[in-house]
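Chemist: test case, fold it:
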Amino acid sequence: MSTAPLGLDPTLWAILACPCEAHGELVADETVQTLTCKVCGTAFPVRDGIPVMLMDEAVKPGQV
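Modeler: So this is what the prediction gives:
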């Protein structure tokens with residue numbers, strides 16, 4: 001079975017989108033284990049191969 005970035009299931013990776021209003025495409029960052037929206041720049045953590053797509057868990061652009 002092939003995998004998508006961050007070890008995600010390819011079927012899940014194909015349907016994932018940012019929960020923001022624009023539902024932007026996500027880009028994986030293997031180094032910090034996040035998925036970042038191309039539209040709004042919000043980064044979502046991936047923990048144990050599970051994307052946490054909650055705005056409360058997200059890091060907005062400019063936050064550290």
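
Chemist: rest of the way, CA atoms for contacts and neighbours
Modeler: Fine.

Chemist: tell me which residues touch W13, please.
Modeler: A4, P5 (Cα atoms under 8 Å, 6 or more residues apart in numbering).

Chemist: the helix or strand containing it: which residues count as buried?
Modeler: Assigned by DSSP states H and E, W13 belongs to helix 10-15. By 16 or more other Cα atoms under 10 Å, the buried positions in helix 10-15 come out as W13.

Chemist: could I get the average pLDDT for that helix?
Modeler: Per-residue pLDDT values over helix 10-15 give a mean of 94.

Chemist: ranges for the strands of the chain?
Modeler: For the chain, the strands defined by DSSP state E occupy 26-29, 34-37, 43-47, 50-51.

Chemist: quick one on the thing from earlier: convert the helix holding W13 to CSV, retaining C-alpha atoms only.
Modeler: Extracted as CSV, the C-alpha positions of helix 10-15 are listed here (Å, rounded to 0.1, in the frame of the first residue of the first chain):
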residue,chain,number,x,y,z
PRO,A,10,-3.8,8.3,0.0
THR,A,11,-7.6,8.3,0.0
LEU,A,12,-7.7,10.6,3.1
TRP,A,13,-5.0,12.8,1.6
ALA,A,14,-7.1,13.2,-1.6
ILE,A,15,-10.1,14.6,0.3
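
Chemist: wait, which of the strands of the chain is closest to Q63?
Modeler: For Q63, the closest of the strands of the chain is strand 43-47, at 10.0 Å, according to Cα to Cα.

Chemist: what residues of the closest one count as buried?
Modeler: Using 16+ other Cα under 10 Å as the test for burial, strand 43-47 gives A43, F44, P45, V46.
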